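Asker: show me how the following folds:
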Amino acid sequence: KTATEEGILNAAFLRTRIEFIEWLFEPGEVSEIWITFADPQIRRDNKRLTAPMFLDRYRKFLKPGGVIHLKTDSPYLHEYSCALVNKNGFEKLAEIKDVYTDMKNGLLTEELAEILSIRTHYEEHFLSQGHPITYLSFVLPEDKKIAAPEWDHDLYPR
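Answerer: Just a heads-up that it's a prediction; the model follows:
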C-alpha cells in the first residue's frame, strides 16, 4: 500500500505460487527480497521460504550481493533462518529480536527504523496479540552450496 501510494517505482509485488518465482525474473534483475510474515511451515522444511531449496531459486535472479530480508512474528522461522545463515557462513547484515522495542529504545539506524516501521495488515494483527516482531537480513552468495541447519522442530513455540 505504501509503495503504491508514494509512487515507489523500484518495488514489485507478486501474488503467485512461489514454485514459479525464478521464471518471473531475469538473472540479476532483483537486488533484494523481502519475506514478510510467511507461514513458518514448522513440519514441512521444503515449504519454508528460507529453506535451501528456495534460497537456490532466489539466487537465480538476485544480483551479485543480493540481500534477503525476513520480517516475522514467528520465533521458529526467525531462529531457523538464523541457524541457516550461521551454518552456511552467510554475511549477516542485521538480526533484531524485537523490532519495535529496539526502535523505541533508539537502537536502530534511522534508515532501518524507517523501513521497518512500515507495517502490514498481518503485522498489526500479530502486534495486537503481543507477538514481538523480528528481523533478519543477510547477503545470499551467488554460488555457494546451501546446507540446511541441524534443527529441532520442537525447540520453539508455534
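
Asker: and whichever strand or helix holds Ala3, what's buried?
Answerer: Taking DSSP states H and E as the definition, Ala3 sits inside helix 2-5. Neighbour counts over helix 2-5 (16 or more other CB atoms under 10 Å) mark no residue as buried. Any C-beta I mention is one placed from the backbone N, CA and C, and that applies to glycine too.

Asker: residues contacting the residue minimising distance to the centre of the chain?
Answerer: Nearest to the geometric centre of the chain sits Leu70, at 1.8 Å (CA atoms, centre = their mean). Leu70 makes contacts with Ile35, Thr36, Ala38, Thr50, Leu77, His78, Ser81, Thr134, Tyr135, Leu136, Ser137, as judged by CB atoms under 8 Å, 6 or more residues apart in numbering.

Asker: separation between the fourth one and Ala113?
Answerer: The reference is to Thr50. As defined by CB to CB, to the nearest Å, Thr50 lies at a distance of 23 Å from Ala113.

Asker: between the two, which one's more packed in?
Answerer: Using other CB atoms under 10 Å as the criterion, Thr50 and Ala113 rank with Thr50 on top: 23 against 16.

Asker: and the helix holding Ala3, C-alpha only, in CSV?
Answerer: This file holds the C-alpha atoms of helix 2-5, laid out as CSV (Å, rounded to 0.1, in the frame of the first residue of the first chain):
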residue,chain,number,x,y,z
THR,A,2,2.8,2.5,1.0
ALA,A,3,4.7,1.7,-2.2
THR,A,4,1.7,2.3,-4.4
GLU,A,5,0.5,5.5,-2.5
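
Asker: pLDDT of it, averaged?
Answerer: Taken as a whole, helix 2-5 has a mean pLDDT of 76.
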